[in-house]
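Visitor: pasting the structure only:
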C-alpha cells in the first residue's frame, strides 16, 4: 500500500533540479526580490557573495535571491559518497528588513514547489549560524522536512563585526537536498537535472557534475601545489591589504569628495579577500595547515573581510 | 474574581530554552501580582508553552488593588492656623496632600500639635497595572541567546514576538510588547489550522480554544500524548519496546504543538554497525527513539515524533522520507567505518599533530605525550602497591586513546570520541584490554555513570583528566563561579569517583604529583581536587555536611578518597549518639579554650604537672586509649576506633565539670593545656569531631 502511495505522490510532484530553481526564483521575484546571478568568484557559501555580505550592511532595504554554487574543498568525496559534495548549490535569499510573515512566506515557497504541507512534517529547529572569519553571526533554525534539513534560516545580527540595523532574514535552500527529497532518491547523483521536453529523457546530476566532483577532489586532496597556493594567498592578501590602507586613508580624509570616496574599488578588494578564503580552504583540505598556523591564517582572512565591511559601511554613508 | 490570560506568540523558540522560560514567566507574573496586591486568596497561576508561545493563566485575580489610607503630618497647628483661619502654610500643605483645607485635622504628638491629613489612595485597576508593568516582566525574561529584529533595535528577545493575547475574562488588557498590541487573536497550528486567527473569547477558555486549533498548550498533557503514542506505535512490532530516553522526550515535547508518532523501519543489515553509532544517529541527529527487541537488542525500527497529524497517504510519505534520511545517515556511517579501517589507529598517532587540543598548549600529539608520562607515574605507584595489571596495554591505550580524533566517523559523530577508538582497536588486533580502556576513557561521563571496568581504563581516565586540569589551570582556564567552559569540575568529579569506587591505591596527592611536583599551580589544583572530594562526599554519597567537614579536617592524610569515604561512613553511624554528641561538644570546647589560651599567650606545659584527680583520670584514659585507637585507625577499623573514643566521654566530662583549665597558676594551667591538646592530637586522626553540629 504505502509504496504505491509514495510512488504516485512522487510522480505527480517531482520537479527537475532546474525546475526547482525556476520555481523558487519566480516565487521570490513575485515577492519583490531582485534575481541576481551566481557570484563569479569561488565562495564557500551564498553568504559570502557580496550580494549578502556587503548588502546587509547599512540602512538600505534590499531583497535579493540567487543560486550560489558553494565550494567546500574538504567535503569532496571523489563523487563516491551519495550524500556529500565538494560543490553544492544554495538558493540564497536576503530579505532586509524581514517581513513579519517571513516564515509563512517560506512555507508558501515550499507549496510553490508542489509540496502539499498537509502530507509532510515540518519543524523549525534551533540552529544558529556564524562565520567567524567574516565577523558574522545570526540566530535561526534549520528547517526539517520529514527528518531532512532542507533550509537554513537565519536572522543576521552582525556582519563584518558591525551590528546590523535593520537586521535581515537569510534563507538558504539546499537545492540538492530538496531535489533528493522531491524526487525520492538515495543518491544526489541520480537527481534529474533536466528532462528532454520531447522524449522525457533525463539528464542527471551525475552527468552534469560527477567529473567536477571527482577531479576537484583529486586536485584539492592530492595535486594542488601547496607552495604555489601559499604564493597566491600571499599575493592576494598583499594587494587587498594595500587597498584597504588606501581606502581607510581616503574614507577618513576630510578633503576627499563624496564622489572620490564612492569610486574607491572596495568591491574588488573584497574579491581579493574571497580568493584568500578559498585558497585557505584548499590548503586546509590538502592538509597543509598546521595547528599553530590555522588560527593565524583565519585571523588574516578575518582582517581583510572585516576591514572591507567596515570601510564599505563608511563608503555607503559618504 | 476575574481570570487573566497572557499569551506571547513567538516564532519557534529553541526547544532547550522553553521549559526554563515558561517557569520564569510564571514566577515573574506571580511576583508582580503579589507585589501589586492583585492576587486573590486561593489564586492559581498556571503556565503553558509550545514552540510558538508562552502563556500564563491566573485564576482568581483581584479586579483592582484595595484602596489604602495614608496619614501625612504637616506644619505645626499654630503656624497653619492663625485665629482659626488657615494660613498660606495650611493651604500649601493641603494642596500637597491633595485635599481641601477644611479636611485638615489636628494631630497631637509628644512634640505638640500639628496639622494632619488622611488621604485615601484609590487602588488601581488590575488592567491598568498589568498594562503598565507586565511588558517589563516579559522583556526581562532570561534567554541564553537572543536577538534584535525591529529597526532601531529597541528590544531583544529569543525570537520575534508576533502576537499577543492579554485578557481579563473577556476584556482585552491594553498592553503592548515589542510593538505588538495585545488582542484576543491567537494562532493555531501552522498547517493543521492555518493562518486564520484563533479568537480567545474568555481567558479561562484558552487551552480549549487552542485545542480546537490543533495546539495542545499544556506541556504535561503533551508529554502524556507523546509517551502514549510511542507505546502505541511500538505495539505494532511484536515483543518490541521503545528505548526510554527522557531528555529526548523533553526535546520533542518542545518541538511540537500537536504531536503524533510514526514507526519506521531500516534495513536489518545496518544492525551490523555498532549500536552506539546507530543510537547516536537516531537520537542525536534525527531525534528518533530507538526500538529494542525482547532481549534489549536494537531492532531495525525507529520512532519519529511529528508535529502534525496526517492521513494514511501523508503517513506513508513521511515514514518513507524519514526512513530515507536515516538510511543515508547509516550508509554514511558505514562508509566512514569502512574508510577508517584503511588507516589503523597505530598509524594515526603522528597525525594528531594536526589536531588542536588547546591553542595555547598544543596538539593532541602533545597531549598524548603528556598523558603517557602521567600514566607511567600512576602505574608505578599502583604496581608498587601490588596491583596486577597489564602495563604495556595501559601505555598502548594511552598512546592511542586520542587517535580516533582523526577518524572520519568521529568527525561525523564527535560525541562518540573514545567509544569509536575502542570499537576500532579490537578488530585491529590491539587486544581486549587496550580496546576496553580506550572505549571507557570518558567514563564516568556524569556522576551517575559507572567508572571504567578495568584498571587500565581507570588509570587512562585519571591520567587524561588530571593532565587536562593541571594544564588548564596553568594557562588561567580554571573554573570561576558558574563558568567552567572546559568542564574541569566534571573531570575532577570523575577522578574522585574513579578513586572512590575502584579501590586503586592512589591518593589525590599521588594523582596531582603524577603530572609533576613542580607545576606552578599545584596548590590551587590540590585545593580544587579537595573541593571536588567534598562535593563527592556530600552531593554524590549524601553524607551530612558536618560529617564531610569533620572527615576532611582530620589531621591524618585526608586525600585518600576511599579512606575518606570509609571514615565518613563510620562517623555517620555514631553521629547523633549521646556519647558522640558529648565528645563533639567537648572537642569544640577544647578548641575554644586552646584559642583563648593562644590569644592570651599562655604557654603549654608538661602534663606530668597536672594536679587534679579528674585531670589525672583523663590523662590515664588518653594513655590507655591512644595506642589502641592509632592501631585501629591504621587498620582502617574506624567503627571500632570510634567506639573506643566514645569511652573517653565520662573522663572528659568529669574533667570539664571539676577542673578550671585556665588556672591562675601558670604551671597548672600549662599542664592542663597540654592535657587537652593531647586529647585533640591523639583522637582527631579519623575526624575533627569539633566540626560535628551538636545542637
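Guide: Right, received. Where do you want to start? Computed from a predicted structure; not experimentally measured.
Visitor: wait, residue B:179 sits on residue B:150?
Guide: Yes. Using C-beta atoms under 8 Å, residue B:179 makes contact with residue B:150 at a distance of 6.1 Å. (Glycine included, C-beta is placed from N, CA and C.)
Visitor: of the two, who's got more company?
Guide: Ranked by neighbour count (other C-beta atoms under 10 Å in any protein chain shown), residue B:179 and residue B:150 place residue B:150 first, with 18 against 12.
Visitor: Contact partners for that one?
Guide: For residue B:150, the contact set (C-beta atoms under 8 Å, 6 or more residues apart in numbering or on different chains) comprises A:166, B:178-179.
Visitor: and it, which of the three is it?
Guide: coil (DSSP: H, G, I helix; E, B strand; the rest coil).
Visitor: roughly how far apart are it and residue A:59?
Guide: Using C-beta to C-beta, to the nearest Å, residue B:150 is found at 13 Å from residue A:59.
Visitor: Need the residues touching each of these two.
Guide: Joint contacts of residue B:150 and residue A:59 (C-beta under 8 Å, 6+ apart) are residue A:166.
Visitor: for the nearest residue to residue A:24 once chain neighbours are set aside, phi and psi?
Guide: Spatial nearest neighbour of residue A:24, excluding adjacent residues (C-beta to C-beta, 6 or more residues apart in numbering or on different chains): residue A:91 at 5.1 Å. Dihedral pair for residue A:91: phi -100, psi 110, per degrees, to the nearest 10.
Visitor: Per-residue pLDDT of residue A:91, please?
Guide: Residue A:91 carries a pLDDT value of 98.
Visitor: Then the one 3 residues further on?
Guide: According to the model's per-residue confidence, residue A:94 sits at a pLDDT of 98.
Visitor: these two touch, right, it and residue A:66?
Guide: No. Look at residue A:94 against residue A:66 with C-beta under 8 Å: they stay out of range, at 9.1 Å.
Visitor: Can you pick out the residue with more neighbours from the two?
Guide: residue A:94 (27 against 22).
Visitor: quick one, what contacts that one?
Guide: Residue A:94 neighbours (C-beta under 8 Å, 6+ apart): A:51-52, A:55-56, A:62-65, A:168-170.
Visitor: what are the bridge partners for it, then?
Guide: Residue A:94 forms beta bridges with residue A:64, residue A:170, as assigned by DSSP bridges.
Visitor: Need the pLDDT of the residue in chain A that chain B sits nearest to.
Guide: In chain A, the residue that lies nearest chain B is residue A:146 (3.0 Å; C-beta to the nearest C-beta). Turning to residue A:146, the model gives it a pLDDT of 97.
Visitor: which residue packs closest to it, ignoring adjacent ones?
Guide: Going by C-beta to C-beta, 6+ apart, residue A:146 has residue B:321 as its nearest residue, at 3.0 Å.
Visitor: do the same with residue B:611
Guide: Using C-beta to C-beta, 6+ apart, the closest residue to residue B:611 is residue B:668 (5.7 Å).
Visitor: pretty sure the one you found is in a helix, no?
Guide: Yes. Applying three-state DSSP, one finds residue B:668 inside a helix.
Visitor: Correct me if wrong: it contacts residue B:609.
Guide: Yes. Using C-beta under 8 Å as the test, residue B:668 is close enough to residue B:609 to be in contact (7.0 Å).
Visitor: and the two? which has more neighbours close in?
Guide: residue B:668 (20 against 16).
Visitor: per-residue confidence for residue 99?
Guide: I went with chain A, as the question did not name one. Confidence score, pLDDT, at residue A:99: 97.
Visitor: Let me rephrase: I mean chain B.
Guide: The model reports residue B:99 with a pLDDT of 87.
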